[in-house]
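Structure for the following, please:
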Amino acid sequence: MCRSLPAAAAKATVSISDSTGKVVFTGDGDTLAGHNEVYWNGTNTTTGQSMADGNYTFTITATDSTGADVKPTTYT
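The predicted structure follows:
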């Protein structure tokens, strides 16, 4: 998945949820302004197990140094 930040962020977090809404991955994202890519190896960060084929939802949150939201645009 690709995303673009309109401005640099101080912190970015990537969360991936399965089809039931359960979060199966959480990790740090790139904080640079512009086009960035997110790669996930299909491993659950809690259990360490490989996830089954299926539909997953990527959520990216980013904030600047004051804590204000930096809204990413995502591309699949």
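
Check the residue of the chain most remote from its centre and give its pLDDT.
Centroid-distance maximum for the chain: Thr66 at 20.4 Å, with Cα atoms, centre = their mean. Looking at Thr66, its pLDDT is 94.

which residues of the protein score low on pLDDT?
1, 76 (pLDDT under 70).

In it, what residue spans correspond to strands?
2-5, 11-17, 23-28, 34-37, 57-63, 73-75 (DSSP state E).

Provide the contact partners of the last one at residue level.
The set of residues external to strand 73-75 that reach it, using Cβ atoms under 8 Å, 6 or more residues apart in numbering, is Met1, Cys2, Arg3, Ser4, Pro6, Phe58, Ile60. No exception for glycine: its C-beta is placed from N, CA and C like everyone else's.

Pull out the buried residues from those residues.
When neighbours are counted using 16 or more other Cβ atoms under 10 Å, the contacts of strand 73-75 contain these buried positions: Arg3, Phe58, Ile60.

and the residues you listed as CSV, adding distance to Asn36?
Output for the buried ones among the contacts of strand 73-75, formatted as CSV (distance: Cβ to Cβ, whole Å):
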residue, distance to Asn36
Arg3, 6
Phe58, 12
Ile60, 9
